[in-house]
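Asker: Sequence and predicted model, in that order:
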Amino acid sequence: MKKLPTFIVSALAASVALALPAVAANKAAQPVVQEAPLRAHLAFLSSDLLEGRGTGQRGGDLTVSYLENQAMAAGLKPGNGNSYRQLVKIAGVKTDAAASSLRLLVNGAALPVSFGKDWVYAPGDAQAAHSFNADMVFVGYGITASEEGWDDYKGHDVKGKVIVMMVNDPLPTAEAPNRFGGKALTYYGRWTYKFEEAKRKGAIGALLIHTDASASYGYSVVQNSWDGVERFQLAQGTPGTELQGWLTNDAAVALFKAAGLDLDQQRAAAERKDFQPVALKARLVGDMKAEVRKVDQYNVAGVVPGTDPKLKDEVVIYTAHWDHLGKQGTSGDTIYNGAVDNASGTAALLAMAQEAVKAPAKRSQMFLWVAAEEQGLLGSAAYAEAPLWPLEKTAANLNLDSLNWIGTTRDIGTAGSERTDLGKMAAATARNMKMVIAQERPDLAGGYFRSDHFSFAKAGVPAFSITSGSDYLGDKAKAEQMRAAYRKSYHQVSDEYDANWSMAGMTQMAQFTLNLGRMVADAPAMPAWKAGDAFGKARAN
């Protein structure tokens, strides 16, 4: 646990002083992100005083108060009428397995499965009690993708039923090596999509079959997120299915075998376009109980108005999530400070905003700190559902999540930018900073779909996250050792601020993001999606 460094009060005071009304003569200057305020904000946001910035916790409330006051001090205009806050209604849900009586019945006999060990489940609609007596259907990957000519449902009526699905998406073949992104994971392969599509099809429940290979993580990760843990979901907008959950592979094999089916054969069939849903001759029966509480959280938004009479009605949005994992446990170090993830991104936006107000662009610029990213991109999803600026007038979203605390690099990560005109603009920005775009690698784990920019992309806004490069300047061996060491601190109490950190890499990433945003904000036209991109459809409509 780290105490707040003694220099913070004076450094924060200096950052506020620097942020106050800009001189008109500076308006033509290119904004330059300053290291001192970035460091000061980072040290404070990741200090024990803010208790890990947990969703639904005191530290989260303190963080929101800090951000709105810093946005005001920086000279940002309120992003929501007269307020810097946007309400995000969230439900905390924790399955009460002991009070639940759910069973998987096959030919009238209950399958011997236990909660946690063999399967997990929770309500997807934030309701405390549900009763089930529903047929179960296997729907392969559970994907409907017209651009791929793929429909796992084939018009089969799953209304009122519980569907069972595989995670990931169909594998590439020799005849179709690029289907569903080839080796890369597409959004159709993400478990979040599976649950969303199940709801759209009218199912009342959805169970995913876990394998290490298809999920890209072990079943213990699922257990740790579902068994005895409060899960958060939006309490506004469209609710999910009544039941959401996972089956271990062994439990799924047993279920299919009891129903007279071979799971491996069904998996093989699901790799083909002509796959047909299969009734499992099984039923989900019994009651599901859960503890449910409602929590009000907030996004924080501030705006630098544009200078062009027409273009000022359009906006570039910079995002970072302010939340982390908060306080957990009762002994030892209980505070998940989240210095890199994502006090660094939150601090960077504050430092960027401080400079952006001194030299407004043609389009308006919004600095948006979103809530509950760690709980499933909830704050950004709530924004996309009820945007403070019309989505059709939102030129781009540039997201920062976990900045480079090691040192400057020759390259910068822009994966996902190639889907839109932002790719060329990012490359031009890098050249202007004597940098290069980091080499692309297949997105095997679906990283593009796991950060807040994706909430905007789904809504049709060109969006991606700026990430650290890996071609470090200076001592490369030491840099790689530091990078490898952080992997052990990811989502652990050891992700704490160190006053010995160089801020050069963070400042570089923040400057790149602000420069790119400024290029977008001053461009004659808003960026467009590449022809045929699935997420471009939302904007086209």
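Answerer: Ah, there it is.

Asker: Show me the helices in the stretch 151-300 of the chain, by range?
Answerer: For the stretch 151-300 of the chain, the helices defined by DSSP state H, counting those that start in this stretch cover 191-200, 212-215, 219-226, 249-258, 263-270.

Asker: Residue ranges of each domain in this structure, please.
Answerer: As given by automatic domain parsing, the domain ranges for the chain are 40-75+305-540, 93-292.

Asker: so who does V278 touch?
Answerer: Each residue near V278 by CB atoms under 8 Å, 6 or more residues apart in numbering is listed here: 137-138, 261, 266. Every residue, glycine included, has its C-beta placed from N, CA and C.

Asker: Most neighbours out of those, which is it?
Answerer: Comparing the contacts of V278 by number of neighbours (other CB atoms under 10 Å), F138 comes first, having 29 neighbours.

Asker: So that one sits against P277, correct?
Answerer: Yes - with contact defined as CB atoms under 8 Å, F138 reaches P277; the gap is 6.6 Å.

Asker: Buried residues of stretch 271-287, list them for me.
Answerer: Neighbour counts over stretch 271-287 (16 or more other CB atoms under 10 Å) mark 275, 277-278, 280, 282-284, 286 as buried.

Asker: Check the residues you listed and tell me the two furthest apart.
Answerer: Using CB to CB, the two most remote members of those are F275 and G286, lying 29.7 Å apart.

Asker: okay, the most centrally placed residue in the chain: pLDDT?
Answerer: With distances taken as CA atoms, centre = their mean, the residue of the chain nearest its centroid is S451 (3.0 Å). As predicted, S451 sits at a pLDDT of 95.

Asker: Report the contact partners of it.
Answerer: Taking CB under 8 Å, 6+ apart as the test, what S451 contacts is 373, 377, 399, 401, 465.

Asker: Break down the stretch 351-500 of the chain into its strands, ranges please.
Answerer: 364-370, 394-400, 411-413, 436-437, 463-468 (DSSP state E, counting those that start in this stretch).

Asker: scratch that, the stretch 151-300 of the chain
Answerer: 162-166, 205-209, 231-234, 243-247, 278-304.

Asker: who does the third one touch, helix- and strand-wise?
Answerer: In terms of contacts (3 or more CB pairs under 8 Å, 6 or more residues apart in numbering; DSSP states H and E), strand 231-234 is packed against strand 85-95, helix 378-385.

Asker: for the first one, same thing?
Answerer: For strand 162-166, the helices and strands in contact under the criterion 3+ CB pairs under 8 Å, 6+ apart are strand 129-138, helix 191-200, strand 205-209.

Asker: and the next element down the chain from the helix or strand bottoming out on mean pLDDT in the chain?
Answerer: Taking mean pLDDT, DSSP states H and E as the measure, the helices and strands of the chain show their lowest mean at helix 8-19, namely a mean of 46. Note on helix 8-19: by DSSP states H and E, the next helix or strand toward the C-terminus is helix 35-45.

Asker: elements contacting that following helix?
Answerer: Where contact means 3+ CB pairs under 8 Å, 6+ apart, helix 35-45 is packed against helix 8-19, helix 58-74, helix 345-356, helix 504-522.

Asker: what's the closest of the ones you listed to S417?
Answerer: helix 504-522 (8.9 Å).

Asker: ok so, going back, could you check how far the residue nearest to the centre of the chain is from E374?
Answerer: S451 is 11 Å from E374, where distance means CB to CB, to the nearest Å.

Asker: And for A301?
Answerer: According to CB to CB, A301 and E374 sit 20 Å apart.

Asker: quick one: which of those two has more around it?
Answerer: Remark: of A301 and E374, A301 carries more neighbours, 27 against 22, as counted by other CB under 10 Å.

Asker: leaving aside the residues next to it on the chain, what's closest to the more buried one?
Answerer: Once flanking residues are discounted, A301 sits nearest to G79: 2.8 Å by CB to CB, 6 or more residues apart in numbering.

Asker: number of nearby residues for the one you found?
Answerer: Neighbour tally, G79, other CB under 10 Å: 24.

Asker: ok, it touching L388?
Answerer: Yes - counting by CB under 8 Å, G79 does reach L388; the two are 5.3 Å apart.

Asker: any common contacting residues for the two?
Answerer: Joint contacts of G79 and L388 (CB under 8 Å, 6+ apart) are 86, 301, 366.

Asker: Using TSV, please lay out those residues together with distance to M503.
Answerer: TSV is the format used below for the shared contacts of G79 and L388 (distance: CB to CB, whole Å):
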residue	distance to M503
Q86	29
A301	25
M366	24
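
Asker: of all these, which comes closest to T248?
Answerer: Once CB to CB is applied, the member of the shared contacts of G79 and L388 that ends up nearest T248 is Q86, at 39.2 Å.

Asker: burial of that closest one, as a residue count?
Answerer: By the criterion of other CB under 10 Å, Q86 has 22 neighbours.

Asker: Quick one: neighbours of K154, just the number.
Answerer: Using other CB under 10 Å, the number of residues around K154 comes to 13.

Asker: Return the backbone torsion pair for it.
Answerer: The phi/psi pair for K154 (degrees, to the nearest 10) reads phi 50, psi 40.

Asker: so who does it touch?
Answerer: 275-277.

Asker: what distance separates the start and the end of stretch 153-171?
Answerer: One end of stretch 153-171 to the other measures 18 Å (CA to CA, to the nearest Å).

Asker: returning to what we had before: distance of the residue nearest to A301 from D411?
Answerer: For G79, the distance to D411 - CB to CB - is 33 Å.

Asker: likewise A361?
Answerer: Taken as CB to CB, the span from A361 to D411 is 26 Å.

Asker: Those two: who's more crowded?
Answerer: A361 (23 against 16).

Asker: you'd agree that one is up against G306?
Answerer: Yes - A361 is in contact with G306 according to CB under 8 Å; the separation is 6.1 Å.

Asker: Between those two, which contacts overlap?
Answerer: With CB under 8 Å, 6+ apart, A361 and G306 have common neighbours A521.

Asker: for the strands of the stretch 351-500 of the chain, which one sits closest to L62?
Answerer: Using CB to CB, these put strand 364-370 closest to L62, at 13.4 Å.

Asker: Which strands and helices lie in contact with the closest one?
Answerer: Under the contact criterion of 3+ CB pairs under 8 Å, 6+ apart, strand 364-370 touches strand 278-304, strand 315-321, helix 345-356, helix 378-385, helix 504-522.

Asker: Determine which of those approaches H491 most closely.
Answerer: Here strand 315-321 is closest among those (CB to CB), at 13.4 Å.

Asker: What is whatever helix or strand comes next after the closest one packed up against?
Answerer: Proceeding N to C from strand 315-321, the next assigned helix or strand is strand 326-327, under DSSP H and E. Under the contact definition 3+ CB pairs under 8 Å, 6+ apart, strand 326-327 sits against helix 58-74, strand 335-336.

Asker: Can you tell me which of the ones you listed is packed in deepest?
Answerer: Of all these, strand 335-336 carries the top mean neighbour count, a mean of 26, counting by mean count of other CB atoms under 10 Å.

Asker: what's that one packed up against?
Answerer: Using 3+ CB pairs under 8 Å, 6+ apart: strand 335-336 touches strand 326-327.

Asker: what is the rounded mean pLDDT of the strand it packs on?
Answerer: What strand 326-327 shows for mean pLDDT is 93.

Asker: Within its sheet, name the partner strands of it and how each one runs.
Answerer: Next to strand 326-327 in the sheet, as set by DSSP bridges, lie strand 335-336 (antiparallel).

Asker: Please enumerate residues in contact with the partner strand?
Answerer: So strand 335-336 is contacted by 1, 48, 51-52, 54, 324-328, 491-493, 495 (CB under 8 Å, 6+ apart).

Asker: Compare these and tell me which has the most neighbours.
Answerer: Ranking these using other CB under 10 Å puts H324 first, with 30 neighbours.
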